[in-house]
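Undergrad: Task: produce atomic coordinates for the following.
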Amino acid sequence: MKLDNKKRNTFSNANWNDLAKISDKLPGASFLFVTYNRCPFPDFLKNPLTWAFQTLISNNCFNLIDDLVVIDDGSTDFTSKNIKWLEKTYGLKINYYKNNARRDLSYSRGIGIKKTKNNLVFMGDDDCLYSNNFILGSMATYYFLSRKVTKNIAVINFPVFERCTYPKETTPINQIGKVFYNKTFFCYNFDKFPEEYMNNPKYLQNKNLLMPFEVDTFAGVNLCDKSLILKAGNYLDLSAWGSGYSEHIELSRALTKHGFYIYHQPDPRISCVHLKYGANSRDKFDRRLSNKIINGVKYRLGELVDFSKKENLNTGTRQNNNNFHIIEIGSLFSFYLKISKKLGIKFAAKEYINFVNKKLLFSTTPSCVIESKKQREKIWKTAIQRGCEITAIQTKKDYSSVFNKIINEVNQYV
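TA: Sure, this is the predicted structure:
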């Protein structure tokens, strides 16, 4: 269901001054960024990594962050100089590490989390704008949730809105952050507001914070318990893919198997705007937000979106459309294949139907639909072949017969 402006104003009645009174009870937290070529300009005010830091620095209770870590995944731009400028300009201490060669997000997060000094660690995207009370709201959510609801909270996930400051739609809670292994299907929908909270919102504390709910998986912007992440095996090295889109579902499954909990906090006031820097995606920007002022940032939101939507395949995890589909299909196929050959074959056949035959896309990141069925089929085949090869290396198991079984399976859909 789509949301109008009146309904958007009913999401949360958070009294941030009231919540700030407990700030002295909140532990220190680390903030981890993994970045790759997000500082293309010598004018550092034009760089998305700067915007991310500026919105954090402008946050209520930024003092709760006493440890900043940046893992540079082999950038070739002005990143190192930009970091030094941020330190000097804003009086920050940033622990900066650079990989000798480009690996991938998941590998770098796994390295970075070990370099943080606190047990509570924020994972943040380097092209996001963080809401004014993101830090306070996140930490307060963890504080009350861990005391009133349950222990062993490994991850609290937060809403990320694509080039927008609010959720545009609602969806049932049972369609947010769910994984259906037997159906080889999962859904994020973290940018949508839970339908059940529209007329009967549930609160965690004094009608200030919405009640988080348990989910099966999470995404890139979250607060995590480092000790539990490491006990579950940490983020996987998915360097073989260049950018493994299975990173969160892989770790989610490991956390669940260890009996740890994952929650999603749907409160839109504890969120961020994902600029999707370098992606000419199909996300539509609400031009009514063009003149919105972003705390700490020189530019208005419309200008930031215009900067970001210019295609750049040499930044972040950006890929051309062909490679994006190969990595997305292939890495997710590999995830299911590691669970069982049966699930891997089932996923591959399903993707043939959806991607090759029906032209369906899981993500809005690709700028367009590939019209040629022959080309889509070639992409699918490459993804499955690579999936078999990479999974064999990761597991040291033989998957040589799987590909032929998959081809036989999909012949009925050709």
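
Undergrad: use CA for all of it now, contacts and neighbours both
TA: Noted.

Undergrad: For the stretch 101-250 of the chain, which segments count as helices?
TA: 105-115, 134-148, 196-199, 226-231, 247-257 (DSSP state H, counting those that start in this stretch).

Undergrad: low-scoring pLDDT stretches of the protein, where are they?
TA: Along the chain, the model assigns pLDDT under 70 to residues 1, 4-14, 413-414.

Undergrad: can you pull the contacts of residue 17?
TA: By Cα atoms under 8 Å, 6 or more residues apart in numbering, residue 17 lies in contact with nothing.

Undergrad: I'd like the next helix or strand past the helix or strand containing it.
TA: Using DSSP states H and E, residue 17 maps to helix 16-20. Downstream of helix 16-20, the first helix or strand assigned by DSSP H and E is strand 29-35.

Undergrad: And that next one, what does it pack against?
TA: Contact analysis of strand 29-35 by 3 or more Cα pairs under 8 Å, 6 or more residues apart in numbering; DSSP states H and E lists strand 65-72, helix 105-115, strand 120-124 as its packing neighbours.

Undergrad: between it and strand 120-124, how big is the angle?
TA: Here strand 29-35 points in a direction 30 degrees away from that of strand 120-124 (axes from the mean of the first three to the mean of the last three Cα atoms, to 10 degrees).

Undergrad: neighbours around residue 213, how many?
TA: Each residue near residue 213 was counted by other Cα atoms under 10 Å, and the total is 16.

Undergrad: these two touch, right, it and residue 263?
TA: Yes. Counting by Cα atoms under 8 Å, residue 213 does reach residue 263; the two are 5.4 Å apart.

Undergrad: just the helices and strands packed on strand 29-35: most buried one?
TA: strand 120-124 (a mean of 24; mean count of other Cα atoms under 10 Å).

Undergrad: before we move on, back to that, make TSV from the helices of the stretch 101-250 of the chain and add distance to residue 336 to it.
TA: Shown next, in TSV, are those (distance: least, Cα to Cα, whole Å):
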stretch	distance to residue 336
helix 105-115	18
helix 134-148	31
helix 196-199	31
helix 226-231	21
helix 247-257	9
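
Undergrad: Packed most tightly, which of those helices would that be?
TA: Highest mean neighbour count among the helices of the stretch 101-250 of the chain (mean count of other Cα under 10 Å): helix 105-115, a mean of 22.

Undergrad: List the contacts of that helix.
TA: Contacts for helix 105-115 (Cα under 8 Å, 6+ apart): 32, 34, 69-71, 73, 121, 226, 234-239, 243-244, 247, 317.

Undergrad: Same question for stretch 223-242.
TA: With contacts defined as Cα under 8 Å, 6+ apart, stretch 223-242 is touched by 103-104, 106-107, 109-110, 113, 118-123, 138, 152-157, 244, 247-248, 250-251, 254-255, 258, 260, 327, 331, 390.

Undergrad: For that stretch, which residues meet the burial criterion?
TA: Residues 223-229, 232, 234-238, 240-242 are the ones in stretch 223-242 that count as buried (16 or more other Cα atoms under 10 Å).

Undergrad: sorry, back to before: how far out from the middle of the chain is the helix holding residue 17?
TA: Relative to its chain's centre, helix 16-20 lies at 27 Å (Cα atoms, centre = their mean, to the nearest Å).

Undergrad: now swap in stretch 346-359 and tell me
TA: 24 Å.

Undergrad: Straight-line length of that stretch, end to end?
TA: The first and last residues of stretch 346-359 sit 18 Å apart, counting by Cα to Cα, to the nearest Å.

Undergrad: Tell me who's in contact with residue 272.
TA: Taking Cα under 8 Å, 6+ apart, one finds 128, 129, 130, 131, 134, 159, 160, 161, 165 in contact with residue 272.

Undergrad: Tell me who's in contact with the second one.
TA: Right, residue 129. 51, 52, 55, 272, 273, 274, 275, 294 are the contacts of residue 129 under Cα under 8 Å, 6+ apart.

Undergrad: 7 Å instead?
TA: Neighbour list for residue 129: 51, 52, 55, 272, 273, 274 [criterion: Cα atoms under 7 Å, 6 or more residues apart in numbering].

Undergrad: same thing with the fifth one?
TA: By Cα under 7 Å, 6+ apart, the contact set of residue 134 is 59, 270, 271.

Undergrad: Then the fourth one?
TA: For residue 131, the set of contacting residues under the criterion of Cα under 7 Å, 6+ apart consists of 269, 270, 271, 272.

Undergrad: From residue 265, how far out is the nearest residue to the last one once chain neighbours are set aside?
TA: What it means is residue 272. Closest residue in space to residue 272, ignoring its immediate chain neighbours: residue 130 at 4.4 Å, by Cα to Cα, 6 or more residues apart in numbering. Counting by Cα to Cα, the gap from residue 130 to residue 265 is 15 Å.

Undergrad: And residue 241, by the same measure?
TA: Residue 241 is 30 Å from residue 265, by Cα to Cα.

Undergrad: Next: residue 230.
TA: 23 Å.

Undergrad: try residue 81
TA: Taking Cα to Cα as the measure, residue 81 falls 35 Å from residue 265.

Undergrad: Which one of the two is surrounded by more residues?
TA: Neighbour count, other Cα under 10 Å: between residue 81 and residue 265, residue 265 has more, with 23 against 13.

Undergrad: Please name the residues that touch that one.
TA: Residues near residue 265 by Cα under 7 Å, 6+ apart: 156, 157, 158, 211, 212, 213.

Undergrad: Thanks a lot, see you next time.
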